[in-house]
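**Student:** Pasting the sequence and the predicted coordinates here, then a few questions.
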Amino acid sequence: MTVFGTGLLAATPSLSACFLGDGDSGGGDSDPIRFAFAPDPVWDYLLQTGAMTEWEQSEGLRIETSSTWDEFAFFAGGHGDIVSTATYELPLLEQQTGIKTVTFGKYNLLRITPITRADAPYQTLADIPKGSRIAVPSSVASTLVWGMFARELHDLDFRVGGGDFDLIVEDHFVMAEHVDRGEVEAALVIPEAAISLLRQDRLRVMYGNQLPYEIYGGICSCQHQGVMGNLFTATEQWYDSHEDQARAFLALWERGIDLWRENQAEIIRSFPQHFSVEAEEDIEAMQEYLAAHDWFAESVYLDQGWIDVETGIYDQMKSTGFMESDAPVPRFEALQPS
C-alpha cells in the first residue's frame, strides 16, 4: 500500500494505496468516477487553482472521492471504480479480492529507502550485522520490494517474522526517531518522515541516496523510472466499459503533474501537511530533496516499453519467492491521450 502513495496508518500522505478526502468534487451530469486516494498536494492544488472545475466543465464528468486506507476492502466491497495502489501489491490485490484489474496510469514512484544514523558505517543492508533490529512499515507492501532487493543484491533473507534481521513493524513517522536514538540500526522510511533529522545530518539515506527505481536499474540492467508506489488501477469491468472516462481521468492528473513541475515550491509551502514539514528550514530541505529526488512520475501515461520493464518486477518477485510462481501478471494498458 502507499504517502500519496503506500498505506500509512497516519493522516498524512500515503505510500502505495492512498486516498483522498470524503465527498465529491461536484460538477458533471454523468455518473461520477468513484476514486480512492490519499490526501494529496496535487489534488489540493487542482482544487485551489480551479483546474478541477475547468476539467469538470470541459469533460462533463465529476470525481467522487472516498477516504480509506484499505484498498482491498474498497474494491472487494464494490465501492469504487479506480484505486491507487503499487505495482508490487497488484497480484495480492487481485488474489485477495477476486477482482480483475486494469492498470492504466502511473503517479508516484516508490520512495521508501533505508536510512541509518549519519555516523553508522552501513552503506547497504549487507553491512548491517545479522540479527540487528530494523524498522519497516509493514510485513508486506514496500517491505516486499526490499526483501526482493536484499535477496537479489546480497543473498539476504529480509522479512518480518524470520530471516536474517529482526524486522520491527512501525509507523513511518516515528521510525526516524528510533534510528536516531539507536533503538534500531536502520529503517525503511519515506523521506518526508525523516526530513528534519536528515537536514540536521543526524541521519542519512543508504544506498547512495538512491530511490528504489535506481536500485532496481542495477538489478534489471536497465534505465527505468518505475517501481511505482502509486498506479491508477480500475476494476476490469469498469475500465472495459469506460475507456473514455479513464482517458479523461488521466488528462486531469497529467495537468496536475504539469502544475507540480511548474509550482513545486509553492505547493510544498501551501500544503506543508502533506510533506510532514512545519519549520521553514524543513520546508526548504524538502524542496531541495525533491529537486534531486522527485518521486512524481514524469507523465501519468504508460507505453508498452515501460509496461514491459515494470512488469518484469513480477519475474523478480517470483524468482525470489515473494510471489507465487504460477500467479498471473496483472493487466496493464497503454492508454494514450485522445
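**Tutor:** Structure's in. What do you need?
**Student:** CA atoms for contacts and neighbours, from now on please.
**Tutor:** OK.
**Student:** how about the helices in the stretch 151-300 of the chain?
**Tutor:** 172-180, 195-199, 212-220, 236-241, 243-262, 264-270, 280-292 (DSSP state H, counting those that start in this stretch).
**Student:** Could I get the ones you listed in TSV, plus columns for mean pLDDT, distance to S142 and mean neighbour count?
**Tutor:** As requested, those are exported to TSV (pLDDT from 0 to 100; distance: least, CA to CA, whole Å; neighbours: other CA atoms under 10 Å):
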stretch	mean pLDDT	distance to S142	mean neighbour count
helix 172-180	92	12	21
helix 195-199	93	19	20
helix 212-220	88	10	17
helix 236-241	96	25	15
helix 243-262	96	24	18
helix 264-270	91	25	17
helix 280-292	90	20	16
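**Student:** could I get these as CSV with distance to E54?
**Tutor:** Listed next are those as CSV, based on distance: least, CA to CA, whole Å:
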stretch, distance to E54
helix 172-180, 36
helix 195-199, 35
helix 212-220, 34
helix 236-241, 24
helix 243-262, 10
helix 264-270, 19
helix 280-292, 28
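**Student:** Of the ones you listed, which is nearest S139?
**Tutor:** helix 172-180 (13.3 Å; CA to CA).
**Student:** Show me what the closest one is packed against.
**Tutor:** Packing partners of helix 172-180 (3 or more CA pairs under 8 Å, 6 or more residues apart in numbering; DSSP states H and E): strand 113-117, strand 186-189, strand 203-205.
**Student:** Report the central residue of the protein.
**Tutor:** Of all residues in the chain, the one closest to the mean position by CA atoms, centre = their mean is G229, 2.4 Å from it.
**Student:** quick one: that residue and T53, what's the gap?
**Tutor:** Distance from G229 to T53, counting by CA to CA, to the nearest Å: 27 Å.
**Student:** just to revisit the earlier point, of the helices of the stretch 151-300 of the chain, which is nearest V309?
**Tutor:** helix 212-220 (8.4 Å).
**Student:** dump the residue contacts of R151.
**Tutor:** When contacts are counted by CA atoms under 8 Å, 6 or more residues apart in numbering, R151 touches 157-158, 320.
**Student:** Any chance of CSV for those residues, columns pLDDT?
**Tutor:** Listed next are those as CSV, based on pLDDT from 0 to 100:
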residue, pLDDT
D157, 95
F158, 95
T320, 87
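**Student:** TSV for these, including distance to Q304?
**Tutor:** Putting the contacts of R151 into TSV (distance: CA to CA, whole Å) gives the following:
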residue	distance to Q304
D157	33
F158	32
T320	25
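**Student:** what's the closest of the residues you listed to I267?
**Tutor:** F158 (36.5 Å).
**Student:** how many neighbours does that closest one have?
**Tutor:** Neighbourhood size, F158 [other CA atoms under 10 Å]: 23.
**Student:** quick one: the helices in the stretch 1-150 of the chain?
**Tutor:** Under DSSP H, counting those that start in this stretch, the stretch 1-150 of the chain gives helices at 41-49, 51-59, 71-76, 90-97, 142-154.
**Student:** Out of these, which gets nearest to E284?
**Tutor:** That would be, of these and by CA to CA, helix 41-49, which comes in at 16.4 Å.
**Student:** List the contacts of the nearest residue to R331 once chain neighbours are set aside.
**Tutor:** Among residues not flanking R331 along the chain, V102 sits closest, at 5.1 Å (CA to CA, 6 or more residues apart in numbering). The contact partners of V102, by CA under 8 Å, 6+ apart, come to 233-236, 239, 330-333.
**Student:** and these, which two are the farthest apart?
**Tutor:** Greatest spatial distance among the contacts of V102 (CA to CA): Y239 and P330, at 13.8 Å.
**Student:** So for M1, what pLDDT did the model give?
**Tutor:** Turning to M1, the model gives it a pLDDT of 37.
**Student:** how does this structure divide up, domain by domain?
**Tutor:** Annotated domains of the chain cover 23-110+227-332, 115-210 [automatic domain parsing].
**Student:** start to end distance for stretch 45-59?
**Tutor:** Using CA to CA, one end of stretch 45-59 lies 19 Å from the other.
**Student:** Could I get the helices of the stretch 1-150 of the chain in a markdown table, plus columns for distance to L252 and mean pLDDT?
**Tutor:** A markdown table is the format used below for the helices of the stretch 1-150 of the chain (distance: least, CA to CA, whole Å; pLDDT from 0 to 100):
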| stretch | distance to L252 | mean pLDDT |
| --- | --- | --- |
| helix 41-49 | 9 | 93 |
| helix 51-59 | 7 | 94 |
| helix 71-76 | 22 | 69 |
| helix 90-97 | 23 | 87 |
| helix 142-154 | 27 | 92 |
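**Student:** Switch these over to CSV; also include distance to E170.
**Tutor:** Shown next, in CSV, are the helices of the stretch 1-150 of the chain (distance: least, CA to CA, whole Å):
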stretch, distance to E170
helix 41-49, 25
helix 51-59, 36
helix 71-76, 20
helix 90-97, 22
helix 142-154, 12
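**Student:** E281: which of those helices is closest?
**Tutor:** E281 lies closest to helix 41-49 among the helices of the stretch 1-150 of the chain, at 19.4 Å (CA to CA).
**Student:** For the stretch 1-150 of the chain, give me the ranges with low pLDDT.
**Tutor:** Applying pLDDT under 70 to the stretch 1-150 of the chain picks out residues 1-30, 66-73.
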